[in-house]
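*Asks:* Below is the structure, and that's it, no one-letter string:
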């Protein structure tokens, strides 16, 4: 099998740019997603810095460092009327918890905007190096050699999440958080951001488009039941999303009850949500440092699991595309790429790094660029290579035909839905923001440039193919839509076995016909002999 960079180019050569687009997205994802692991490591190390409590358990622990006059922690037992915030005429609704201020002022040292990029945070820099060292330590041989590790990373988070869920549901105000989660706001369907966030989140969480599943699936046996796995992954993924959302919104309901505000006003959505919600709930579970340690180990597992798959997808895609040059030096090449991506992540651990991270998160491997890539993948496979051929290929691998529902989805529903979101986004376009912060025009332009770095590969390679392939325009077009599949050894063996079985069956049929004919001849001779005997009598 091959990774995501090569497979579309083999099915429809003129669309090989889709593979380059996917590999560019997964490269950018690797650069910025590791920052989530970096923040997790920072919290994990700080869990042991203030035993037997936690550094973010009370505002007094940050006096003179990260706590400001607007800091008030309801769980500390100090009434609002006696807090520093009340003494400085700050309303209860405008206060911030110790968890919020620890995140913004101690972890991020955040500036007021992307304009103030500031210096690198050296504590985060050390965590970034440790994060990349962990990733390289597990994938340098190839992720397919780390099966036991993946099982641990996959199962352990569910255990911790279940424990946190039980505690979260018993917190006061949890029901209000769940009510907020499951109460639809129909008017938001008119917002383009809701549609593109929902669509691309499904693509991103399922690993569609960026090649992670293709890279991992390329190690499967030829007759592995990919249809069963696809349904299983979708069900588990959706269940996990709903399950974790119940935990998060139960805690948000508790935080809203503590501050006396609406659930939607507690914290702002974004990449920081997990680092504001879960550290809050562990304060309510004794002993807090122990549960904080387990939670951040869980978050570390989740982050590393995603990063392992993404880096493996990148390495597999590049090595498959240039096998002669890279495969003999895969370990060294992986190390070089790891160092390179680590250096590219430095701007996101500066004082203005959170704003750069938000740009990368919105424009690099999600949103328009991911939608664009998946749309052309679908067109290349289902309309150029042919959905019927693809349908039969799956049947050959798994041994049975899948439902025609999937055929309809591949050909019509999926591309139609993506096209609708794409057009709707531009019709209802709104500039990117992060909370109350509005990005400057040059920041938004930088975001679009990040998107174009992956989007332009699709038309760019098609143009390159037309002008570099010899022949007339018609011949080039035919060559561009003619598959150049390099079948894996197992597929060839399967075809040879099938051909051998067919030949054997044909020979058996011939032998059976000869035997039947021989029996007929003997019967005829026997009958003739009996007639001669009767005549003599």
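*Replies:* Yes, it's here. Quick caveat: nothing in here was measured; it's all calculated off a predicted structure.
*Asks:* Helices of the stretch 401-537 of the chain, residue ranges please.
*Replies:* Listed in chain order, the helices found in the stretch 401-537 of the chain under DSSP state H, counting those that start in this stretch are 404-408, 414-427, 441-455, 457-468, 473-480, 489-536.
*Asks:* now what about the first one, what contacts it?
*Replies:* Same thing as helix 404-408. Residues outside helix 404-408 that contact it (Cβ atoms under 8 Å, 6 or more residues apart in numbering): 387, 388, 391. C-beta: built from backbone N, CA, C; applies to glycine.
*Asks:* In strands, which of these appear?
*Replies:* Nothing among the contacts of helix 404-408 maps onto strands, per DSSP state E.
*Asks:* Return the member of the residues you listed nearest to residue 427.
*Replies:* Here the nearest of the contacts of helix 404-408 to residue 427, counting by Cβ to Cβ, is residue 387; it sits at 29.4 Å.
*Asks:* Would you mind giving me the confidence score for that closest one?
*Replies:* The model reports residue 387 with a pLDDT of 89.
*Asks:* so it touches residue 410, yeah?
*Replies:* Yes: at 5.0 Å, residue 387 counts as touching residue 410 under the criterion of Cβ atoms under 8 Å.
*Asks:* intersection of neighbour lists for those two?
*Replies:* With contacts taken as Cβ under 8 Å, 6+ apart, residue 387 and residue 410 have residue 381 as neighbours in common.
*Asks:* Do you have the strands of the stretch 201-350 of the chain handy? List them.
*Replies:* Under the criterion DSSP state E, counting those that start in this stretch, the stretch 201-350 of the chain contains no strands.
*Asks:* need the contact list for residue 365.
*Replies:* Contact partners of residue 365, counting by Cβ under 8 Å, 6+ apart, are 25, 26, 28, 29, 204, 210, 454.
*Asks:* about what we covered before: so which of the contacts of helix 404-408 wins on neighbours?
*Replies:* By neighbour count, taken as other Cβ atoms under 10 Å, the most surrounded of the contacts of helix 404-408 turns out to be residue 387 (18 neighbours).
*Asks:* and the gap between that residue and residue 287?
*Replies:* Distance, residue 387 to residue 287, using Cβ to Cβ, to the nearest Å: 57 Å.
*Asks:* and what of residue 24?
*Replies:* The spacing between residue 24 and residue 287, counted by Cβ to Cβ, is 46 Å.
*Asks:* cool, and residue 461?
*Replies:* According to Cβ to Cβ, residue 461 stands 57 Å off from residue 287.
*Asks:* Name the residue in those two with the higher neighbour count.
*Replies:* Set residue 461 next to residue 287 and count neighbours by other Cβ under 10 Å: residue 461 wins out with 20 against 13.
*Asks:* doesn't residue 23 make contact with the more buried one?
*Replies:* No: counting by Cβ under 8 Å, residue 23 is not a contact partner of residue 461; they are 11.9 Å apart.
*Asks:* Tell me the spatial nearest neighbour of residue 32, not counting adjacent residues.
*Replies:* Using Cβ to Cβ, 6 or more residues apart in numbering and skipping residues adjacent in sequence, the residue nearest residue 32 is residue 360, 3.9 Å away.
*Asks:* Quick one: residues in contact with the helix or strand encompassing that neighbour.
*Replies:* Counting by DSSP states H and E, the secondary-structure element that holds residue 360 is helix 353-363. Outside of helix 353-363, the residues that reach it under the criterion Cβ under 8 Å, 6+ apart are 28, 31-32, 35, 108, 110-111, 113-114, 117, 121, 124, 270-272, 347-348, 350, 369, 432, 434, 437, 439, 443, 446-448, 450-451.
*Asks:* before we move on, back to that, okay if I get the contacts of helix 404-408 as JSON lines plus distance to residue 231?
*Replies:* Written out in JSON lines, the entries for the contacts of helix 404-408 read as follows (distance: Cβ to Cβ, whole Å):
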{"residue": "387", "distance to residue 231": "19"}
{"residue": "388", "distance to residue 231": "21"}
{"residue": "391", "distance to residue 231": "16"}
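*Asks:* From those, which land in helices?
*Replies:* 387, 388, 391 (DSSP state H).
*Asks:* contacting residues for the spatially closest residue to residue 346 that is not a sequence neighbour?
*Replies:* Spatial nearest neighbour of residue 346, excluding adjacent residues (Cβ to Cβ, 6+ apart): residue 120 at 5.9 Å. By Cβ under 8 Å, 6+ apart, the contact list for residue 120 reads 346, 349, 350.
*Asks:* beta partners of residue 120?
*Replies:* Beta-bridge pairing of residue 120 under DSSP bridges involves residue 350.
*Asks:* who touches residue 226 in this structure?
*Replies:* Applying Cβ under 8 Å, 6+ apart, we find residue 226 in contact with 217, 220, 394, 397, 398.
*Asks:* Are any of those residues buried, and if so which?
*Replies:* For those, a burial check counting by 16 or more other Cβ atoms under 10 Å picks out 217, 394, 397, 398.
*Asks:* pLDDT check: weakest of the residues you listed?
*Replies:* Confidence by pLDDT is poorest for residue 217 among those, given 72.
*Asks:* measure it to residue 400 for me?
*Replies:* Residue 217 sits 18 Å away from residue 400, taking Cβ to Cβ as the criterion.
*Asks:* Thanks a lot, see you next time.
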